[in-house]
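>>> With the sequence up front, the predicted model follows.
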Amino acid sequence: MSNEAVDKLVRRVKGRGSSGKKKQDNRLQCDSAATGENGLKSNGKQVVDARVTWNDLDARGLAQDPAANDTREVEGGGFQTTFQESDQEMDDIDWEDGSSSILGHVKNHPGDGIREVTIEFSESPDSAKRKPIRRATAEEKGLAELVHKVHLLCLLARGRIIDHACDDPLIQASLLSILPAHLSNTLGDPKLHAKALSPLAHWFHNNFHVASSVSEKRSFHSALSCALETREGTLEELAALSVALFRALKLTTRFVSILDVASIKPDADKYESLSQGTSKMHRGIFNTSTLMVDRPKEVFIPPKSLSCNEKKNVAETSSKTSCKSKDNCSRSKKIQSNDSPPAVELKDKMVDTFPCEAQNNTSEECVTKKSQGSKRKGDLEFEMQLQMAMSATAVATQSNKELDVKESSNSSDVSSPFKRIRKIANEESSSQGISTALGSRKIGSPLYWAEVYCSGENLTGKWVHVDAVHDIVDGEQKVEAAADACKTSLRYVVAFAGLGAKDVTRRYCMKWYKIASQRVNSLWWDAVLAPLRELESGATGGMAHLEKPHADASNEHENVIASGLSDLPMPNELPSNVDLPKESGRKNDVESSGRNSFAATRNTIEDMELQTRALTEPLPTNQQAYKNHLLYAIEKWLTKCQILHPKGPILGFCSGHPVYPRACVQTLRTKERWLREGLQVKVKELPAKVVKQSGKLKKVQFSEDDDYGETDSGVVELYGMWQLEPLQLPHAVNGIVPKNERGQVDVWSEKCLPPGTVHLRLPRVFYVAKRLEIDYAPAMVGFEFRNGRSVPVFDGIVVCNEFKDAILEAYAEEEERRDAEEKKRNEAQAISRWYQLLSSIITRQRLNNSYGNGLLPQMPSNVQNTNNQPDVHVGSTQPPGHQKDAKDRKLNAPSMTLTDDHEHVFLVEDQSFDEETSTRTKRCHCGFSVQVEEL
DNA sequence: GTGTGGTACGAGGCTTTGTCAACC
DNA sequence: AGGTTGACTTTGCCTCGTACCACA
């Protein structure tokens, strides 16, 4: 390729607009290659093996019609000529973006090595390294939110079931019966202090143990009884027992649970698991720490030799199990191959049994899930249940040994979260930290505990956190750290009592900014909780007197989901005036009424406390937390249209940036935008902020300003609320409507109407104003985006008040006239069409008579043949000259084949006239009739 | 190993005031 | 000749959320 040709190419590339950036790249690469620089760039970028070799002929050929390649012959200097000739052509060609691999190694003339040009595409190592980012679509986000909400509702229902079980009188009585007398006596003081609860918690901790032998699975209620009997149970059961105990001792107690709900963000679990590696691995919604479904009763009992303790622990800590275990994978495969008919039969029954097995299988599954891409939680749930069923059957034949091996193989992976929790525990171990008495394996995320109302705490009383299982009293500050260590988010902490529920997350979560985005829309959540809150406040001493059916101790629920939930009265089913609540029922009426009045205050006080916490959140330590913080802000993270006004007070500093209250953040808008709100900028106010104009507008402005050289446009002036006053538009004077520069009035709202004018939103009203020569302005009410651009939408006109009536009156007349005209037009059209129809019928009949040899003519669709007496509806007001024809002409209907040669005669005395429909019916003695509409 | 700050980038929201040719 | 109609083409910036990287 000659230098001249190359220069030409370069010139053309330079001259080309920015629209062809990629084209430039291609061509420049070509240039450098052609001039012998061979394109080995020394910019440190990795040269990948995407080498394209083609001769200069093909270089052209590729850019032109490939079919032409065969016919073209280029030899020696001939190329240059052809190149020049095709210069213009190349300009017109749209270069395709193509991958280098497609080009491959192109060589039309293998022997022609001289003309070979080698281009090596360099590729940034970054681009190869960076994984393609697939972001969730709006639909996926919506679905995730839906799952989140449903899961929340399920967990709320679960909490109510547990709360209901805690009220069981038999369980409470049993607990009291095993409680040493001296402990029950310690609560004699009417002013209860948190300290007084410590011996109780200690006793409970010593007498009840987490998850020893796994008993048969059953409803929660019976599981609770069983746990009480054996003094061993799951964390959930033990926490519930502790609540029952406190309630038995007539302490106002709530059952508190962290609702460990499926993430509100799509694939959050996946990302979490990928980043965290261990905890929270791929838990489906039915495999979270909080079990939602009670285990069916009719499940098989696992082999006694099985290390149930460990199994249970794994189940409780749920997510702590690693999913990396190779043993799991191999074993699961084995299990799958053992899918025998009994296993299939049991599938339905085995739901939610053997959580630990499920966990392991899920773990295995999650590995495959990664490769399969994202699956919905519902699918996972189904698969998990299937796997659980299979594995539960198969595991019965598994040896205990195998499980132990598995456990030990897992232990290395499992260790890290436990290390973390141990670290936390050590930090706090001086007094009451997370108890390690049960051994490190038994430490899991705090998911359940009790809240006991201690009237002796503070001045006003206080809900005291009591985790009797871990022997922790008043440890609300430790919950967040412990949950953090186990990667459990404190998104929702809900206290249950009296079949109601109350969100008490604020009491336990100090870093609200971390969970705020993970919580569901507060409006929805508040609406869901509203009836439950009423119940809760009623039970813990609120104003409402609500009845709750006592659990029948003998009535063990066979299926809690089916019967248990239906047993629980929903808030709106409860009579509001029936007085037999659990709490108050235990005391006499006088006491109860007195307590209620106090408790109403108690509830309010708690609300205030939670509100106070919400407003006094500690300052976050990282900058980015201030980006959307509800309470605090730093200037750095304000958006383009925000400003601090007033700039103070400074609440603290974060990384050297002063922290201001969020209340100081004001939204700024342009003058025009404020106009839409019916506000205008005060005179002599300087813009609060000046920001760069968007490129699009700038472009327009620059093109306008080009003639004038330099311009200071390209900026947008923004004003704040404090710089505004109510809009004062010019008054309408002398019947003239004040208009904007476009000769119209922007009617964003009523506030935008100039005083003395009115907006008439009527179609075609401007004709009237025009005809009456009244001044008006088209009312622009908004924009719509059409064909890639915004188009103003007009609706009606703006006129001065004094003309309103005149215009409306004229408009009514005009519309009446219009209607009449339209009616007339329609009628004329109808007549014309009837005439055409009848003419064609007649013509057809005549032709048929003349040439059809008596063949049956086709029946026109408008002619009705009923009982061989066709009625033809004929318009009688034919155009002059035609009417007679139409009347006099023979109207041989199809049935006339029966009455050949008959000519209808419509005698006047045989006619009838219907006043209502203006229809005249004419009859021939043969039975033929014709209906004529007289207009 | 973990947390933090900075950067890059996709998704979604907000923005917003014609032209020309054929036809009647 | 002048008015009406319909086709044309499918913005582009900003914010938010978050993945990723470097660094402490």
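Ah, there it is.

>>> Would you map the helices across the stretch 801-935 of chain A?
Per DSSP state H, counting those that start in this stretch, the stretch 801-935 of chain A carries helices over the ranges A:801-851, A:883-888.

>>> got TSV for the ones you listed, with distance to residue A:222, mean pLDDT and mean neighbour count too?
The C-beta positions use only the backbone N, C-alpha and C, and glycine is treated the same way. Formatted as TSV, these follow (distance: least, C-beta to C-beta, whole Å; pLDDT from 0 to 100; neighbours: other C-beta atoms under 10 Å):
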stretch	distance to residue A:222	mean pLDDT	mean neighbour count
helix A:801-851	77	88	14
helix A:883-888	92	40	13
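
>>> Just put the ones you listed in TSV and tack on distance to residue A:758.
Shown next, in TSV, are the helices of the stretch 801-935 of chain A (distance: least, C-beta to C-beta, whole Å):
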stretch	distance to residue A:758
helix A:801-851	5
helix A:883-888	52
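
>>> Could you dump those helices into TSV and include distance to DNA strand C?
Conversion of the helices of the stretch 801-935 of chain A to TSV gives the following (distance: least, C-beta to the nearest atom of the strand, whole Å):
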stretch	distance to DNA strand C
helix A:801-851	15
helix A:883-888	35
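
>>> Out of those helices, which gets nearest to DNA strand B?
Closest approach to DNA strand B among these (C-beta to the nearest atom of the strand): helix A:801-851, 15.1 Å.

>>> check contacts around the residue nearest to residue A:176 when sequence neighbours are not counted.
Computed as C-beta to C-beta, 6 or more residues apart in numbering, the closest residue to residue A:176 that is not its neighbour in sequence is residue A:248, at 4.8 Å. For residue A:248, the contacting residues are A:172, A:173, A:175, A:176, by C-beta atoms under 8 Å, 6 or more residues apart in numbering.

>>> ok, and the most crowded of the residues you listed?
Most neighbours among the contacts of residue A:248, by other C-beta atoms under 10 Å: residue A:172, with 23 neighbours.

>>> okay, now the domains of chain A?
A:3-129, A:138-589, A:623-705, A:729-855, A:859-935 (automatic domain parsing).

>>> Now do the residue of the stretch 601-750 of chain A found nearest DNA strand B, the pLDDT please.
DNA strand B sits closest to residue A:622 of the stretch 601-750 of chain A, with a gap of 3.1 Å, by C-beta to the nearest atom of the strand. We have a pLDDT of 80 for residue A:622.

>>> just checking, it touches residue A:637?
No - counting by C-beta atoms under 8 Å, residue A:622 stays clear of residue A:637, with 11.2 Å between them.

>>> More neighbours: which of those two?
When residue A:622 and residue A:637 are compared for neighbours, residue A:637 comes out ahead with 16 against 11, by other C-beta under 10 Å.

>>> list the contacts for that one?
Residues in contact with residue A:637 (C-beta under 8 Å, 6+ apart) are A:623, A:624, A:626, A:627.

>>> For it, give its distance to residue A:168.
Residue A:637 sits 52 Å away from residue A:168, going by C-beta to C-beta, to the nearest Å.

>>> again with residue A:750
For residue A:750 relative to residue A:168 (C-beta to C-beta), the value is 62 Å.

>>> And the two? Which one has more around it.
residue A:168 (23 against 9).

>>> Name the residues of stretch A:630-638 that are buried.
For stretch A:630-638, burial by neighbour count (16 or more other C-beta atoms under 10 Å) applies to A:631, A:632, A:633, A:634, A:635, A:637, A:638.

>>> I'd say the third one and residue A:665 touch.
Yes - contact criterion C-beta under 8 Å: residue A:633 and residue A:665 qualify, at 5.1 Å.

>>> what do the two both touch?
Common neighbours of residue A:633 and residue A:665 (C-beta under 8 Å, 6+ apart) are residue A:644.

>>> for chain A, what are the low-confidence residue spans?
For chain A, applying pLDDT under 70 flags the ranges A:1-138, A:188, A:212-217, A:267-444, A:542-600, A:693-714, A:786-788, A:853-901, A:935.

>>> Quick check: residue A:766 touching residue A:797?
Yes - between residue A:766 and residue A:797 a contact is recorded at 5.0 Å, counting by C-beta under 8 Å.

>>> Any idea what residue A:466 is bridged to?
According to DSSP bridges, the partner residues bridging residue A:466 are residue A:450, residue A:473.

>>> Hmm, it is touching residue A:453, no?
No - in this structure residue A:466 lies outside contact range of residue A:453 using C-beta under 8 Å: 10.7 Å.

>>> Between these two, tell me which one has more neighbours.
Higher neighbour count among residue A:466 and residue A:453: residue A:466, with 31 against 21, using other C-beta under 10 Å.

>>> Identify each buried residue in stretch A:473-484, please.
Buried, per 16+ other C-beta under 10 Å, within stretch A:473-484: A:473, A:474, A:475, A:476, A:478, A:479, A:480, A:481, A:482, A:483, A:484.

>>> could you dump that stretch to PDB, C-alpha only?
C-alpha atoms of stretch A:473-484 as PDB (Å, rounded to 0.1, in the frame of the first residue of the first chain):
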ATOM      1  CA  VAL A 473     -30.100 -11.300  80.700                       C
ATOM      2  CA  ASP A 474     -30.400  -7.700  79.500                       C
ATOM      3  CA  GLY A 475     -28.000  -8.300  76.600                       C
ATOM      4  CA  GLU A 476     -29.800  -6.400  73.900                       C
ATOM      5  CA  GLN A 477     -26.600  -4.700  72.900                       C
ATOM      6  CA  LYS A 478     -24.900  -8.000  72.300                       C
ATOM      7  CA  VAL A 479     -27.500  -9.300  69.900                       C
ATOM      8  CA  GLU A 480     -26.300  -7.300  66.900                       C
ATOM      9  CA  ALA A 481     -22.700  -8.300  67.300                       C
ATOM     10  CA  ALA A 482     -23.600 -12.000  67.800                       C
ATOM     11  CA  ALA A 483     -25.900 -11.900  64.800                       C
ATOM     12  CA  ASP A 484     -23.200 -10.100  62.800                       C
END
